[in-house]
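Asker: no sequence on hand, only this structure:
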């Protein structure tokens, strides 16, 4: 069977206060390069930092309508999801659906930095919310 995942893309960390979380990572771990992304359509703000080839996404809701607001209220701050890079997200989703894997997204949707993303239900992978990420192909 062909392996679908090519690398760990990022870890999504749910936080209450984005600036406070950035300060913690800066002051305690010297991770001081963050890109702030406002996502009002998804009721969230995101800070993206890089550790080696892996990104950290600090995600903070801007309203109770954020998809992860209930998670944060019930479980508190911490790891929300793990994301893996895939080459052909449409193919991967078709294959997973054919295998009966429980999907949140049956079709890829836009992510940050021009990516296409889709989430697998946590019950599909032992309680872990999993995101698939396809990066844009380089223009040559």
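Answerer: Arrived safely, thanks for sending. Just so we're clear, the structure is a prediction, and the values are computed from it rather than from any experiment.
Asker: same for the top helix by length along the chain, what does it pack against?
Answerer: For the chain, the helix with the greatest residue count under DSSP state H is helix 18-29. With contacts taken as 3 or more CB pairs under 8 Å, 6 or more residues apart in numbering; DSSP states H and E, helix 18-29 sits against strand 34-39, strand 44-51, strand 54-61. Where you see a C-beta, it was placed from the backbone N, CA and C, and this is true even at glycine.
Asker: buried stuff in stretch 74-84?
Answerer: Residues of stretch 74-84 classed as buried: 80, 81, 83, 84 (neighbour count, 16 or more other CB atoms under 10 Å).
Asker: just stretch 128-140 next, same as before
Answerer: Result for stretch 128-140 [16+ other CB under 10 Å]: buried residues 129, 130, 131, 132, 133, 134, 135.
Asker: secondary structure for those - can I get that in CSV?
Answerer: As requested, these are arranged in CSV below (DSSP: H, G, I helix; E, B strand; the rest coil):
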residue, secondary structure
129, coil
130, strand
131, strand
132, strand
133, strand
134, strand
135, coil
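Asker: of those residues, just say which sits nearest to residue 5.
Answerer: residue 132 (8.2 Å; CB to CB).
Asker: didn't the closest one look like it was pressed against residue 89?
Answerer: Yes - with contact defined as CB atoms under 8 Å, residue 132 reaches residue 89; the gap is 5.6 Å.
Asker: residue 31 - nearest residue in space that isn't next to it in sequence?
Answerer: Counting by CB to CB, 6 or more residues apart in numbering, residue 31 lies nearest to residue 25, which is 4.4 Å off, once chain neighbours are set aside.
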